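Undergrad: Sequence and computational prediction follow.
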Amino acid sequence: MITSKQRAKLRSQSNGLETIFQIGKGGISDMLVQQVNDALKAREMIKLRVLENAPVFAREAAQELSEKCGAEVVQVIGTRFILFKRNPQKPIYEM
């Protein structure tokens, strides 16, 4: 679990991130969960977007993916959200 102070720092570090995944009408599939897991392992923090035709809202998608991947929801704004999962071997972001 990350503290609100750590979350604020991660939010400021996430400003320059590109959106690397989009959730569409297929929703959250096992394949997407696997890809998100791999991306979190490599990058620690990723930005995702929920399209208008998706069956879930951004907050729901963020919650579901964070539970399935063991990640933390850093922020949800509109249709975009940011997930963070610390890499114990080689951490990228300062907390």
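TA: Arrived safely, thanks for sending.

Undergrad: rest of the way, CA atoms for contacts and neighbours
TA: Fine.

Undergrad: Run a quick neighbour tally on the residue nearest to Gly26 when sequence neighbours are not counted.
TA: Spatially, and ignoring its direct neighbours in sequence, Gly26 is nearest to Ala54 (6.9 Å; C-alpha to C-alpha, 6 or more residues apart in numbering). Neighbour count of Ala54, defined by other C-alpha atoms under 10 Å: 16.

Undergrad: One more: Val56?
TA: By the criterion of other C-alpha under 10 Å, Val56 has 19 neighbours.

Undergrad: center of this protein, which residue is that?
TA: Centroid-nearest residue in the chain, with C-alpha atoms, centre = their mean: Leu83, separated by 2.3 Å.

Undergrad: what pLDDT does that residue get?
TA: Looking at Leu83, its pLDDT is 97.

Undergrad: which residues touch it?
TA: Contact analysis of Leu83 by C-alpha atoms under 8 Å, 6 or more residues apart in numbering lists 40, 45-47, 62, 66, 71-75.

Undergrad: one more time with 10 Å, if that's ok
TA: 10, 14, 36, 40, 44-48, 62-63, 65-66, 69-76 (C-alpha atoms under 10 Å, 6 or more residues apart in numbering).

Undergrad: Strands - which of the residues you listed land there?
TA: 45-48, 72-76 (DSSP state E).

Undergrad: Kindly calculate the angle that the helix or strand that contains Ala8 makes with strand 72-77.
TA: Element membership for Ala8, per DSSP states H and E: helix 4-13. Interaxial angle, helix 4-13 versus strand 72-77 (axes from the mean of the first three to the mean of the last three C-alpha atoms, to 10 degrees): 60 degrees.
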